[in-house]
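Enquirer: need a 3D model of the sequence below.
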Amino acid sequence: MNDNQRRVAPEPLTSKGKSGRFWQVFWLTFLVVSLAYAWHSFYAPSNRIAWVENFAVAQRQAGKSDKPMILFFTGKWCSPCQIMKRQVWADDQVMNTVNAAFIPVMIDVDDSNAAATLSRYEVGATPTTIVTDSDGNVLRWKQGGISKAEFLELLGELDPPTTEDL
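Expert: Here you go, the predicted structure:
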């Protein structure tokens, strides 16, 4: 072998230099932050609201008790819904108010059994919160995510009995 045909050993793959190390750290950090954000967006703690299993049962209970209903249209994939579950529905003040004065029902928009309810109230987006009288007539309606203060204001406009009144 002459000098012109000398083989040069390739550099080891692990020696990427400072630039390569930067990108490794960057992408690892990006991955961790992305996973944390995804978990935060879809995490919803449990709550003690006495959710009724479906609209028909809720309507019967509302008729017997003469309480208004709260219909919360949601989906497992809906990030604003999960935020409301975390920031509104899990709040103690909201739980006490809703359990004392309303018949709450959470309606999954992806459930085929909910099609008639979705059609009746013309729900086209999630989250949608509808407050009805005991007969199912709409009293208040709000589409999109709302804060605890907005939700309590929505309920306060109806002037339902509070836990102190019962």
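Enquirer: now do residue 145 against residue 7, distance only.
Expert: Taking CB to CB, to the nearest Å as the measure, residue 145 falls 64 Å from residue 7. Every C-beta, even on glycine, is put in place using the N, C-alpha and C of the backbone.
Enquirer: those two: who's more crowded?
Expert: Between residue 145 and residue 7, counted using other CB atoms under 10 Å, residue 145 has the larger neighbour count: 19 against 6.
Enquirer: pretty sure that one contacts residue 84?
Expert: Yes - taking CB atoms under 8 Å as the definition, residue 145 is a contact partner of residue 84 at 5.4 Å.
Enquirer: overlap in contacts of these two?
Expert: Residues touching both residue 145 and residue 84 comprise residue 127, with contact defined as CB atoms under 8 Å, 6 or more residues apart in numbering.
Enquirer: can you list the domains in this structure?
Expert: Taking automatic domain parsing as the criterion, the chain consists of the domains 13-42, 55-156.
Enquirer: can you redo these as a markdown table with mean pLDDT and distance to residue 49?
Expert: Converted to a markdown table, those look like this (pLDDT from 0 to 100; distance: least, CB to CB, whole Å):
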| stretch | mean pLDDT | distance to residue 49 |
| --- | --- | --- |
| domain 13-42 | 79 | 19 |
| domain 55-156 | 94 | 5 |
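Enquirer: residue 48: which of those domains is closest?
Expert: With CB to CB as the criterion, residue 48 lies closest to domain 55-156 of the domains of the chain, at 5.3 Å.
Enquirer: now do the same end-to-end measure for the closest one.
Expert: For domain 55-156, the first and last residues are 23 Å from each other (CA to CA, to the nearest Å).
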